[in-house]
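J.: Need the 3D shape of this:
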Amino acid sequence: MKTIACILSYKMAECVEDTVMSLDKQGWSHGEDLFVFENQAKETAEDHNFFVTHYTGENLRMGGGWNYIADYLRGMCDRIWFCTDFKVVHGSPSPRVLENVPANIGWYHPVITDPGHADYCFPWMMRVNPAGYRDVKMTDSICPLITMECMERLRENNNGNVFDKAFWRGWGLDYDTCWQIRQMAKRVVLHDAITVDHSAFGSYDAGVAPESKDTFRSLAHRAMTKRLSEKYGTDWHRKIMA
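T.: Take a look at the predicted model:
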């Protein structure tokens, strides 16, 4: 099953280079099955990153950027590996490994290194069983692989979009999408054989984000809670994680 890896970036040339080089060592070919989507217009990009293969035209943020990628690659592959900035620290997420992920898995995610802050919401994302796949209710959305079959069905659920547009800042997208995929009788899994390291809030710490980190956290949490409550009720967390 053909898989294309896509990195969504916003003014983070150094981090993108690290991610591209990390994946290059795993056998991904930049410009062939590994693309970099810069989340802004080429004309206004101050940092013309050599690794960028596509520009979205404006800052669509995370949810909009991933919808752009899904639409751009529609019909071109069997799976898309949606990536933010990370480095591979254990195992080999090579094209061959990801193309052999079982067909009954709709959402696949490597495990992560310890994020290093006590308020991290998804402690099950860290490595438990190096032997293989682990079924979970949902995962963080650092670098999920999603099948094209599931994406087509998600479009039917979300007014033509793979990801609900209400989650354009990213928070809530993981809960919502994993829940919907599980309702399709597809598995949501972590792969304990592969570990990646991701620095959260990279663009905020670098001072290039369009808002402060505190503003982002407040608005993203508010939007997530509002939309998930509308879709699943005020006890949405219990329902999704049951």
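J.: how close does Gln183 get to Val136?
T.: Counting by C-beta to C-beta, to the nearest Å, the gap from Gln183 to Val136 is 15 Å. For the C-beta atoms, the positions are set from N, CA and C on the backbone; glycine is no exception.
J.: Apologies, that question was intended for Gly172.
T.: Distance, Gly172 to Val136, using C-beta to C-beta: 17 Å.
J.: If you count surrounding residues, which of those two has more?
T.: Gly172 (25 against 18; other C-beta atoms under 10 Å).
J.: contacting residues for the more buried one?
T.: Contact analysis of Gly172 by C-beta atoms under 8 Å, 6 or more residues apart in numbering lists Asp164, Ala166, Ala220, Ala223, Met224, Thr225, Arg227, Leu228.
J.: These in helices, which ones?
T.: Secondary structure of the contacts of Gly172 is defined by DSSP state H; positions in helices are Ala220, Ala223, Met224, Thr225, Arg227, Leu228.
J.: tally of neighbours for the first one?
T.: Using other C-beta under 10 Å, Ala220 has 19 neighbouring residues.
J.: just the third one next, same as before
T.: If you count neighbours by other C-beta under 10 Å, Met224 ends up with 21.
J.: Would you map the helices across the protein?
T.: Counting by DSSP H, the helices of the chain are 13-24, 61-72, 95-99, 148-157, 173-183, 202-205, 213-232, 236-241.
J.: So which residues make contact with the second one?
T.: Identification of contacts with helix 61-72 by C-beta under 8 Å, 6+ apart yields 6, 8, 37, 39, 54, 56, 60, 80, 82, 84, 141, 151, 161-170, 173.
J.: relative to helix 213-232, how tilted is it?
T.: Here helix 61-72 runs at an angle of 60 degrees relative to helix 213-232 (axes from the mean of the first three to the mean of the last three C-alpha atoms, to 10 degrees).
J.: Which positions within helix 61-72 qualify as buried?
T.: By 16 or more other C-beta atoms under 10 Å, the buried positions in helix 61-72 come out as Arg61, Met62, Gly63, Gly64, Gly65, Trp66, Asn67, Tyr68, Ile69, Ala70.
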